[in-house]
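A.B. asks: coords please:
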Amino acid sequence: SPLHPHCLARERLQLWVPSHIVRSSGDNKTHTITEDQLDHILKVIGASWAEKTKEAYGAGLLTYHVFCDMHGITEHQRAPIRANTLLAFLSSCAGLYSGSALANFTAGL
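C.D. replies: Presented below is the predicted three-dimensional model:
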């Protein structure tokens, strides 16, 4: 999908864009994030996290996309992640990844 392009794990958090980016304002109304806001968020992520952190979080995001593809979870349903989807994803990874890897996957999502 063009929404989550093939790239290095450390680049994934900056290159993946959920199909619908929204943020909640203080009055419980929802509006779309502007391109300027999104660019700023991506610059902060790129500058503030260590390369190993970006790699770990990006690997988790890739694993999550594979899980979603295998289970028919649409782009629109992937973000923000719901608690039951997160639990299903993490339980599917149990025994395949270490506890610290799962903690990083959770933090990255």
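
A.B. asks: Residue 58: how many residues sit nearby?
C.D. replies: Neighbour count for residue 58, taken as other C-beta atoms under 10 Å: 22. C-beta here means a position set from N, CA and C on the backbone, and glycine is covered the same way.

A.B. asks: thought it was touching residue 45?
C.D. replies: No - checked against C-beta atoms under 8 Å, the pair residue 58 and residue 45 is beyond contact range at 10.5 Å.

A.B. asks: looking at it, residue 92 is touching residue 66, isn't it?
C.D. replies: No - at 9.9 Å, residue 92 and residue 66 do not qualify as touching, with contact defined as C-beta under 8 Å.

A.B. asks: how far away is residue 85 from residue 43?
C.D. replies: Using C-beta to C-beta, to the nearest Å, residue 85 is found at 28 Å from residue 43.

A.B. asks: higher neighbour count, those two?
C.D. replies: Neighbours per residue (other C-beta under 10 Å) separate residue 85 from residue 43, with residue 85 holding more: 19 against 11.

A.B. asks: what helix or strand is the closest residue to the more buried one other than its chain neighbours on?
C.D. replies: Leaving aside its sequence neighbours, residue 85 sits nearest to residue 73 (C-beta to C-beta, 6 or more residues apart in numbering; 6.8 Å). For residue 73, there is no host helix or strand (DSSP states H and E).

A.B. asks: quick one, phi psi at residue 73?
C.D. replies: phi -80, psi 120 (degrees, to the nearest 10).

A.B. asks: Just the terminal-to-terminal distance for stretch 79-86.
C.D. replies: Stretch 79-86 has an end-to-end distance of 11 Å (criterion: C-alpha to C-alpha, to the nearest Å).

A.B. asks: for that stretch, which positions count as buried?
C.D. replies: By 16 or more other C-beta atoms under 10 Å, the buried positions in stretch 79-86 come out as 79, 81, 85.

A.B. asks: quick one: the first one and residue 70, what's the gap?
C.D. replies: Per C-beta to C-beta, residue 79 is found 17 Å from residue 70.

A.B. asks: Save the buried residues of stretch 79-86 as JSON lines, and put in secondary structure, pLDDT and distance to residue 106 too.
C.D. replies: Output for those, formatted as JSON lines (DSSP: H, G, I helix; E, B strand; the rest coil; pLDDT from 0 to 100; distance: C-beta to C-beta, whole Å):
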{"residue": "79", "secondary structure": "coil", "pLDDT": "86", "distance to residue 106": "14"}
{"residue": "81", "secondary structure": "coil", "pLDDT": "91", "distance to residue 106": "10"}
{"residue": "85", "secondary structure": "helix", "pLDDT": "96", "distance to residue 106": "12"}
